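Generate coordinates for the sequence data below:
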Amino acid sequence: MTRTFALFTLLTLAGCASAPFVVVTHTLPPKFNIAPAKTVAVIGDASNAEDREHEVDFIDLVIAKLRNYEQYDVRDERELAYGINKGLGFYVTAEWRKYLDETAGDVIVRVGVPSEDCRVYEKTRGDGSEDTDDVVGWIAECREFLDLFAPRTGDRIGSVTAVGYGNETDQSTALDDAMNDAADEIIGGFAPRQVGELVMLDPDAPLVREGMLKFDHRDYDGTLALWESALATTPNSAPLLYNLGAVCEALHDLAAARAYYSRAIAIAPQVPRYRKAIEQLNVRRDDAVKADRAP
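Predicted coordinates for the structure are as follows:
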């Protein structure tokens, strides 16, 4: 099972640009597939007191994000493991063995921070001199990592490192964005992620504007009904068939999307957009299967 975003979140941007488009879901398979794990135990490993405050904040963020993945029961086991995880050497200690026996996790996620975890840089406008440069924003960069372990045996499943970025007018917001980005990246190392991808519609199709007006107001059935009625009078309109395929894919009806794309290709095989659409649908379908498949 993968995380499912609300449909309106994926589609609300459909009419925000001059060229019409829809947003389809692409489920990205993780580097390390921990399926069929149901319970994830999260611990930390700050190597010194200076890192502890950032580690606490970052692990809190990772736990909050993981709990949005409804397939996982996320356990905060920092207190259980505290005093044990003092660096790589602790993996062979009796205390570490005790933790491995007591953890409730089907997989252990150890989140750590390097010695130089987050940096913030001024973004200036001027000639480079201190007297003329104005600070117009902030760029933040956060480096984070995690290790995955099996309970009981302590075998390392894998490691994930990531760099998150933030670029905002406010320093604190830039830093928060960088931490969020880094958390998403490292979680994506072992949990499927869903991203929205734009599929540009064919503006030459009949009733494209009228259909997208309904679509923008989340009247998805109305869009389909309007374009399907137009198809009854113009059955050989490849642009219309293609647009119907794109909307069906955005609405997660992959069988209908494939059928419409295929009909558009049969009528206008010379149009690269139509062939690319079905190729990308296949990529997204295959990735979704990989994301859900247990190793």
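
So which bits of stretch 197-213 are buried?
Buried residues in stretch 197-213, counted by 16 or more other CB atoms under 10 Å: 197, 199, 201, 202, 205, 206, 207, 208, 211, 212, 213. Yep, even glycine has a C-beta here, placed from its N, CA and C like the rest.

How about stretch 264-277?
Buried residues in stretch 264-277 (16+ other CB under 10 Å): 264, 265, 267, 268, 271, 273, 274, 277.

Show the contacting residues for the third one.
Under the criterion of CB atoms under 8 Å, 6 or more residues apart in numbering, the contact partners of residue 267 comprise 236, 237, 238, 241.

now the buried residues of stretch 264-277 in CSV, with pLDDT and secondary structure?
Formatted as CSV, the buried residues of stretch 264-277 follow (pLDDT from 0 to 100; DSSP: H, G, I helix; E, B strand; the rest coil):
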residue, pLDDT, secondary structure
264, 97, helix
265, 97, helix
267, 97, helix
268, 97, coil
271, 96, coil
273, 94, helix
274, 96, helix
277, 96, helix
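
Turn these into JSON lines, columns for distance to residue 27.
Below are these laid out as JSON lines (distance: CB to CB, whole Å):
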{"residue": "264", "distance to residue 27": "24"}
{"residue": "265", "distance to residue 27": "24"}
{"residue": "267", "distance to residue 27": "30"}
{"residue": "268", "distance to residue 27": "29"}
{"residue": "271", "distance to residue 27": "27"}
{"residue": "273", "distance to residue 27": "23"}
{"residue": "274", "distance to residue 27": "23"}
{"residue": "277", "distance to residue 27": "18"}
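
Among the buried residues of stretch 197-213, which lie within helices?
208, 211, 212, 213 (DSSP state H).

Residue 144: which of those residues is nearest?
For those, the closest approach to residue 144 (CB to CB) belongs to residue 212, at 40.0 Å.
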